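**Q** next one to model:
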Amino acid sequence: MVISAAARRGNRVGAVVGGARWMFWGVCILASTTIALVRYSMRYQDSNQQLGDEPSNHPNHRHQGGNLSSQMHFTNASSSGAVTKAFQAVDLSQIHSTNSKHANSGFAAPPVYGAENITSNKNSSQANYLREASISPSTLPTTKIHQPQPEYMELSVSADAHSLGVVAPEFISSTLDWWPLGTEGWGNASVINSNLSHPNLVAAVRKLSPFFLRIGGSQADEIIYYLPQRNKDNASSTADLKIASQCKENPQRCLTKERWDEVLDFASHSGARIVFTIAYVRHTRDDERKNDQRDWDSSNAKQFLQYTANSAHAKLGTVFGFELGNELRHKGKVTNVTRIVNAYKELGQIVNDIWGNEERTHYHKPKILGPASTGRSETTDLIAEIGRYIQIASYHKYHGGGKDPALPEYASHPSFYSHPQKLSGPGDAVKKFMTNNSERAQLWIGEGAMAYNSGRQGLTDSFHGSMWFVNLLGALAKTKPFVHSVYCRQALLGGFYELISHETLIPNPDYWVAYLWKNIVGSKAIGPIQSPHRKDSVMLSSHYTFGCCKKPGLDSVLIHSFCATSNGDVVFIVINTSESRAIDLNVTMGKNRTEYLLRPNKEGFQSRQVLLNGQLMSIENGVLPEISGILRKPSEQFHIPPISIAFLVVHGTEVKECLRPAT
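**A** Numbering: from 1, shown residues only. Here you go, the predicted structure:
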């Protein structure tokens, strides 16, 4: 094939034009990339001064660089002049050397979101630039990171502050469960297997006294009680022989009298009082083991109750009360409400007959609690039916699922801490029950934690979970129209939400929150909190949680005020959930104050260790550290660092409500 000279010239011209076209687009891409880098650098420097001013609305952002992601904003260049200035401002050849300098300087390169982390925001110009220019974090310029200026706050309550709610002395309580050996996260933590005589466990619970220990949970309906009684011929009854056979077959679901004595001894030695869940479901099964097929068979329960009343612990009131069944209506486990009502009625009659005996007239007669349900509709339906047969209304409340892959992301957003504002009441039936029994009735959360399904490792057993926990406690004391008198935190031992490690018997962070609360915080929540930083402070402080300094759902600082355990004093509980911004706090009341600051170790949110005013909190051979605060003058500011919980006891306040006894 012969190609003419003209054709060859045409090809050369086309090649030149094509090359020029590719060069033109290359320059455009380079200019666009450079503008992105310059604007990123300028914006990042500005964000160092403004970090935290505009919180991110996306739940991913907080644990991936604080609020920085909401501060970074890239825009397209609109003029050739901007391109020229961009080339003058940045020497692209210096980018890698800049990063290497920072690698040796002790400063970290600024966090950058790759496209894979921010594509969930379809309008994100950051995502567009990173995708279009293919910029990787290693090629971005770095800037020395400056800590944001601390947030300055002033707090006080007036001498005429009023009570927002009064909780029981046992407000912070806990639970024990029945999960058998081999259950993930539970090990030997069940009622059957746990080492209840260990000095660490006894001492730790004693420090939380007065304290309720609710023994229940999902497996409570499967437990059988083996408390054999001999007849005059020293022979076991047919019923006892049947139970002995069942216990031999499955010892993990058998409570023997020896083990029950050990549980009662543990409660007595540690200052706890027991709320016990009586098995219901297994005693309604037919011969084919189908649930809810017959009326509740109370014979095993009667034997258990009689044995308990005859024990030496009955004189001490070690057993505070009984429930019947655990979450009976949940997922259709039991559908016949009439049977449940009749069973509650029968349980009350059995307790009255046994504890009404003349020799026990001066004993504490155990209360009947119920329905130990979950969900508003289930709770409302059951309380409407059994209300006349119970003295205390109890239900269960979790705020997420431990196996939900989205839980860590959800928990990282500021709105997660403000969940008490969305705390759904248990319904009209509870209100009716409380109103009709106003002199004696109480509302309990008989089982609760951040997440069900045994919690979430690294979250519900960490300092992150503790900030959630302490905020919940403050909110529950102010719920309307009735406060929650008692919160039974799931669980004392076991799962990934345990207060005390069942493996080491060393307390987790939530335990230290409870320990400090019991020693410092009284039973009366007061308000309103006064702060010039919030025009709506009066309204907010009366509604679950007072926050600063944005708006409910976006506040990174959460605050509660209570009367202290010391007469006439006030305690402020300040929770700083920010990863980067500290707080300089000025309390404009009182004569002086004592400060208690809880912080995690270097692992931050995921830490399972807690420091109180710099001292590592732990327990050894049954000895816990003494609580020691730092005394300050009223003129001194209190610096509250990021990721911390502060308790400030203000002395000499003359708040009238804190001079009156809690009623």
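
**Q** for residue 321, give me its contacts.
**A** 275-276, 366-369, 391-392 (C-beta atoms under 8 Å, 6 or more residues apart in numbering). Using the backbone N, CA and C atoms, a C-beta is placed for each residue, glycine as well.

**Q** name the SS class of it, please.
**A** For residue 321, the assignment made with DSSP: H, G, I helix; E, B strand; the rest coil gives strand.

**Q** what about the closest residue to it other than its chain neighbours, how many neighbours?
**A** Excluding the flanking residues, the one nearest residue 321 by C-beta to C-beta, 6 or more residues apart in numbering is residue 367, at 3.6 Å. Residues within reach of residue 367, counting by other C-beta atoms under 10 Å, total 18.

**Q** try residue 388
**A** Count around residue 388 with other C-beta under 10 Å applied: 12.

**Q** got the phi/psi numbers for it?
**A** Note on residue 388: its backbone torsions stand at phi -70, psi -10 [degrees, to the nearest 10].

**Q** surely residue 203 is in a helix?
**A** Yes - judged by three-state DSSP, residue 203 forms part of a helix.

**Q** show the pLDDT at it.
**A** Reading off the confidence values, residue 203 has pLDDT 98.

**Q** contacts only, for the nearest residue to it once chain neighbours are set aside.
**A** Leaving aside its sequence neighbours, residue 203 sits nearest to residue 622 (C-beta to C-beta, 6+ apart; 4.1 Å). The contact partners of residue 622, by C-beta under 8 Å, 6+ apart, come to 199-200, 202-203.

**Q** identify the farthest-apart pair in these.
**A** 200 and 202 (7.5 Å; C-beta to C-beta).

**Q** residue ranges in this structure under the pLDDT threshold?
**A** Residues of the chain meeting the criterion pLDDT under 70: 1-146, 231-235, 418-426, 438, 535-544.

**Q** let's see that with 50 instead.
**A** Scanning the chain for pLDDT under 50 picks out the ranges 1-18, 27, 33-145, 421.

**Q** and residue 440, how many neighbours?
**A** 8.

**Q** and the helices in the stretch 301-450 of the chain?
**A** Secondary structure of the stretch 301-450 of the chain (DSSP state H, counting those that start in this stretch): helices located at 313-316, 337-355, 376-386, 407-411, 414-417, 428-436.

**Q** now do the second one: which elements does it pack against?
**A** Looking back up the chat, that one is helix 337-355. helix 299-310, strand 319-324, strand 367-374, helix 376-386 (3 or more C-beta pairs under 8 Å, 6 or more residues apart in numbering; DSSP states H and E).

**Q** tell me the angle of it relative to strand 319-324?
**A** 150 degrees (axes from the mean of the first three to the mean of the last three C-alpha atoms, to 10 degrees).

**Q** check which residues of helix 337-355 are buried.
**A** 337, 339-341, 343-344, 346-348, 350-351, 354-355 (16 or more other C-beta atoms under 10 Å).

**Q** same deal with the third one?
**A** By neighbour count, with 16+ other C-beta under 10 Å as the criterion, the buried positions of helix 376-386 are 376, 378-386.

**Q** between the residues you listed, which sits nearest residue 213?
**A** For the buried residues of helix 376-386, the nearest to residue 213 is residue 379 (22.4 Å; C-beta to C-beta).

**Q** doesn't residue 431 make contact with that closest one?
**A** No - counting by C-beta atoms under 8 Å, residue 379 does not reach residue 431; the two are 11.6 Å apart.

**Q** on that earlier part again, quick one: the buried residues of helix 337-355 as a markdown table, columns for distance to residue 148 too.
**A** Converted to a markdown table, the buried residues of helix 337-355 look like this (distance: C-beta to C-beta, whole Å):
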| residue | distance to residue 148 |
| --- | --- |
| 337 | 56 |
| 339 | 61 |
| 340 | 56 |
| 341 | 59 |
| 343 | 59 |
| 344 | 56 |
| 346 | 63 |
| 347 | 58 |
| 348 | 59 |
| 350 | 63 |
| 351 | 59 |
| 354 | 64 |
| 355 | 61 |
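
**Q** need the max-distance pair from those.
**A** It's 337 and 355 that sit farthest apart of the buried residues of helix 337-355, by C-beta to C-beta, at 27.1 Å.

**Q** tell me which residues of stretch 440-459 are tucked away?
**A** Quick answer for stretch 440-459 (16+ other C-beta under 10 Å): 441-456, 459.

**Q** from the chain's centre, how far out does stretch 402-421 sit?
**A** Mean-position distance between stretch 402-421 and its chain equals 9 Å (C-alpha atoms, centre = their mean, to the nearest Å).

**Q** circling back to that earlier point, for residue 492, which of the helices of the stretch 301-450 of the chain is the nearest?
**A** Closest to residue 492 of the helices of the stretch 301-450 of the chain is helix 313-316 (C-beta to C-beta; 18.8 Å).

**Q** so which elements touch that closest one?
**A** Helix 313-316 packs on helix 257-270, going by 3+ C-beta pairs under 8 Å, 6+ apart.

**Q** beyond the helix it packs on, next helix or strand please.
**A** The helix or strand immediately downstream of helix 257-270 is strand 272-278, counting by DSSP states H and E.

**Q** between helix 299-310 and that next one, find me the angle.
**A** Using the same axes, to 10 degrees: strand 272-278 against helix 299-310 is 160 degrees.

**Q** residue 175: how many residues sit nearby?
**A** 26.

**Q** list the contacts for residue 563?
**A** Counting by C-beta under 8 Å, 6+ apart, residue 563 touches 522-524, 526, 569-571, 655, 657-658, 662.

**Q** and those residues, which are buried?
**A** 522-524, 526, 569-571, 655, 657-658.

**Q** among the residues you listed, which are in strands?
**A** 522-524, 526, 570-571 (DSSP state E).

**Q** these: which two are farthest apart?
**A** Checking those with C-beta to C-beta, the most distant pair is 523 and 570, at 13.6 Å.

**Q** residue 200 and residue 202: who's more crowded?
**A** Neighbour count, other C-beta under 10 Å: between residue 200 and residue 202, residue 200 has more, with 21 against 17.

**Q** that one should be in a helix, yeah?
**A** Yes - under three-state DSSP, residue 200 sits within a helix.

**Q** that one is in contact with residue 503, isn't it?
**A** No - if you go by C-beta under 8 Å, residue 200 and residue 503 don't touch, sitting 11.9 Å apart.

**Q** do you know which of the helices of the stretch 301-450 of the chain lies nearest residue 607?
**A** Among the helices of the stretch 301-450 of the chain, helix 407-411 sits nearest to residue 607 (C-beta to C-beta), with 15.0 Å.

**Q** could you dump the closest one to CSV, C-alpha only?
**A** The C-alpha trace of helix 407-411 is given here as CSV (Å, rounded to 0.1, in the frame of the first residue of the first chain):
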residue,chain,number,x,y,z
LEU,A,407,-24.3,0.5,66.2
PRO,A,408,-20.7,1.9,66.5
GLU,A,409,-21.5,4.4,63.7
TYR,A,410,-24.7,5.4,65.3
ALA,A,411,-23.1,5.7,68.8
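
**Q** buried ones in it?
**A** For helix 407-411, burial by neighbour count (16+ other C-beta under 10 Å) applies to 407-409, 411.

**Q** ok, those residues vs residue 548, which is closest?
**A** Lowest distance from residue 548 to the buried residues of helix 407-411 (C-beta to C-beta) belongs to residue 411, with 20.4 Å.

**Q** show me the contacts for the closest residue in space to residue 270 that isn't next to it in sequence.
**A** What sits nearest to residue 270 in space, not counting adjacent residues and going by C-beta to C-beta, 6+ apart, is residue 205, at 3.8 Å. Contacts for residue 205 were tallied using C-beta under 8 Å, 6+ apart; they are 211, 213, 270-272, 492.
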